[in-house]
Every structure is written in structure tokens, then in C-alpha cells.
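Enquirer: What would the 3D arrangement of this be:
(one chain, ligands or ions: 1)
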Amino acid sequence: MITAAVKTPNSNTEFLHSSSLYPLTKEKLRGKPFFPAVPHVVILGAGASKAAFPDGDKNRKPLPLLDDLPNIVGKTWTNVLTLASPPVSGFEAQFSWIRKCGKFADELARVEALLFQYFDELELPDIATIYDCLVLGLRAKDTIATFNWDPLLLLAHRRNRHVAELPDLRFLHGSVAYFTCPDHDVLGSANERCPICGKSLDSGRLFYPEADKDYAKHAIIHRDWQAVTRQLSKAFHLTIFGYSGPETDYNARQLLLSGWGKSPLRDVSHVEIIDVKDDGQLRGCWREFIPYHHDMVVSDFWQSTIAKWPRRTADYKLSASLYGIPAEPMGPLRTNSLAELQEWHAAIAEAEAR
Ligand SMILES: [Zn+2]
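Expert: Numbers count the residues shown, from 1 in each chain. As a prediction, this is how the structure comes out:
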């Protein structure tokens, strides 16, 4: 255990003396945060939306995993497959192959329109969801970057904005609910105007994973990728929730790694994986991201750092990594009541402003 005040590598930030931290009770954690505002970055894949809405959306429409997408497009997709006969399996690989062969643009446009409509119609249930816990459990210094097209994360962000300062949201493959200005980094809704230049906001589009995808080609998506890699280069903690990093996302993984590899906190940085898959398989999949074996695999959100130390993940993690001081869990709070969840998080956020 280090007992003297220490400095973060490549930074002049002096942390607290460890004697003032111990014991790290939940009451102490609910007070003003005591570590510098270093970012926590969360990457969401289709497994996260599936876990957050196990019974589907408000109208019980299921949240599909990638391989469930053919069921949504049904005959339209089957017809394209018959015409194109792609020599690969899996929706993403097939879609990518057919697009690359360049002969079926109209058919693929119909498939895209059906997918957009399905996701666009999804609605947030009235009860508290894991996405509410996720946006309330992080602070404005943090980032949630999602590969998902569904609107539910953004809707959860909107309905909790009045409660506390929430994390930055980024859409790595676009989203049906995403509206932005082509010239300014703003996040709005349909019929809104850019608060900087007054232009109408453009609707988001969906980006399909491709093995050789060049994210820099599309200005809007490039902006979000840059924001995420910038945050990763300063982050202390990376949570990967329900994202399997498929082969078709090779460039995506490399981009994420390029940011994460630069973190000045890399020696103590931590990767947390929330996934139902086998531990060994997950660690193998993300091994380049975990150079010092600082990793944790949990099978559900309720065991995650965000659920157990909402809005204080940095204080929990840095106390443990730098001083070896364990923190008493503050949560999780599991409730169906959105009002109760909001009130509980608002009380924690109140101390941040003091
Ligand atoms: Zn603008």
C-alpha cells in the first residue's frame, strides 16, 4: 500500500493523503468526490440493450442482437440473400459482402429502411431501467459510447437530464434518434435547431459495420469517434457492456485501442466487462486492452462498478488501485420506480456541486 500522497503518471495532480480516505465508507463516498475528474468510458453493444430491456421495449417489442436482425427484415432480407448468395455467414458479414459487391443497392436500401423503422418505433418503458441507472450513475466527465441503433439510451438521457449532470453520449454506428448540426457538436431532437448557428438539425443515419470501414469518411460519425478516442486517452476505467467486438468491427477495435493505449493512467487503468459469455473467451477477445491483467468480468450490470459506486467510480477505483483501500459499496439500488431512482441519484449528485 502506498501511504504518501502520490501523483498520477504524466500529471501534476496531487491526490489526497491515503490516511484521510481510510476507511472508505459509503457515507464518505456520497460526499464530494475526492479524486480529479478523470473520465470513465463505457462502450455499449447490442447485448447491453438486450440486458437493459429483457422484456422488450414499452410495447414488449424485443431488442434484437445482431444475428436477430434477419428476423426483423424477414422476406426482404431472404430475397437479397437468394439474389446475392454471399459466401459468408452472419448478418453483418453478409450485409458487408453484399454492399461491397455493389449490385444490390436498391434491395439493401429497402432492408435499411425496415431496420430504421423497427428501431425508430422502440419506446422506453415507464419503469426504471438499466439505461436510467447507467446515465444517472456516471457524471459529465464520463462518456457512454454506443454501437446500438436503438433510441433507448438517448431517451433515458433525456428523461433524467433534470436530475443531475449526465455523461456525454456518443453514437459509434449512428442511431435512429440522433439529430445533430453538420457544423457543430450538438445533440438534439427532430425539429430542433442548432443553438450555435440556428440551422435545422439533421437526422442521424445508421452505419453498418464493415471489415474495412473508414470512419473518417463520414464527418458526423468521425466527430463522435474522435470524441471517444480523446476521452479514452485520458480515461482510468473502460467498461465494455454487451459488446463482442466482432471481426467486422476490426477498425472500430483498433480505433478504441489507439485512444485507450495513450491513457496516462495505463499502469493502473482497469477494464471491466459486463457480459454473459464465458470469462476466458471474453478476456481473450479483449486481451490487447488489458496489458496488466487489471480486469474484471461480471455477468450482469448489478455487479458492475457503476451499479455499486454510482457517480463515484473514479473514487472507488483510484482508492483501490493507488492506495489499496477498498470501498464500501453504495449500491446497487434496484427499483422499478423511476422517481425513487432519480431521487437517490440526485442526493449523490448534490454533494458534487458543494
Ligand atoms: Zn450549428
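Enquirer: what does the stretch 151-300 of the chain put close to the ion?
Expert: Residues of the stretch 151-300 of the chain lying close to the ion (CB under 5 Å from the ion) are Cys181, Asp183, His184, Cys194, Ile196, Cys197. From N, CA and C alone the C-beta is placed, and that goes for glycine too.
Enquirer: ok, now with 8 Å
Expert: Contact residues, the stretch 151-300 of the chain versus the ion (CB under 8 Å from the ion): Cys181, Pro182, Asp183, His184, Val186, Cys194, Pro195, Ile196, Cys197, Gly198, Lys199.
Enquirer: So how do I select the buried members of these in ChimeraX?
Expert: Of those, the buried ones can be selected in ChimeraX as follows, counting by 16 or more other CB atoms under 10 Å:
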select :181,194
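Enquirer: Could you find the lowest-pLDDT member of the residues of the stretch 151-300 of the chain next to the ion?
Expert: Among these, Pro182 has the lowest pLDDT, at 89.
Enquirer: what are the phi and psi angles of the closest residue to that one other than its chain neighbours?
Expert: Spatially, and ignoring its direct neighbours in sequence, Pro182 is nearest to Asp202 (5.9 Å; CB to CB, 6 or more residues apart in numbering). Per-residue torsions, Asp202: phi -90, psi 150 (degrees, to the nearest 10).
Enquirer: Name whatever forms a beta bridge with Asp202.
Expert: Thr180 (DSSP bridges).
Enquirer: related to what we said a few turns ago, specify which member of the residues of the stretch 151-300 of the chain next to the ion is nearest to Asp132.
Expert: Nearest to Asp132 out of these is Val186 (CB to CB; 23.0 Å).
Enquirer: quick one on the thing from earlier: tell me who's in contact with the residue nearest to Pro182.
Expert: Counting by CB atoms under 8 Å, 6 or more residues apart in numbering, Asp202 touches Phe179, Thr180, Cys181, Pro182, Ile220.
Enquirer: Going by distance to Tyr208, which of those wins?
Expert: Among the contacts of Asp202, and counting by CB to CB, the member closest to Tyr208 is Ile220, at 14.9 Å.
Enquirer: Please report phi then psi for that closest one.
Expert: According to degrees, to the nearest 10, Ile220 has phi -70, psi -50.
Enquirer: Okay, the nearest residue in space to it that is not next to it in sequence and Val80: tell me how far apart.
Expert: Leaving aside its chain neighbours, Ile220 sits nearest to Thr180 (6.2 Å; criterion: CB to CB, 6+ apart). As defined by CB to CB, to the nearest Å, Thr180 lies at a distance of 30 Å from Val80.
Enquirer: Show me where this structure dips below the pLDDT cut-off.
Expert: Within the chain, the ranges that satisfy pLDDT under 70 run 1-19, 209-213.
Enquirer: Could you rerun that using 50?
Expert: Scanning the chain for pLDDT under 50 picks out 1-14.
Enquirer: Show me the domain layout of it.
Expert: 2-56+126-348, 66-120 (automatic domain parsing).
Enquirer: ranking those domains by burial, who's on top?
Expert: domain 2-56+126-348 (a mean of 18; mean count of other CB atoms under 10 Å).
Enquirer: coming back round to it: now compare the residues of the stretch 151-300 of the chain next to the ion and name the two farthest from each other.
Expert: Maximum distance among those (CB to CB): 14.4 Å, for Pro182 and Pro195.
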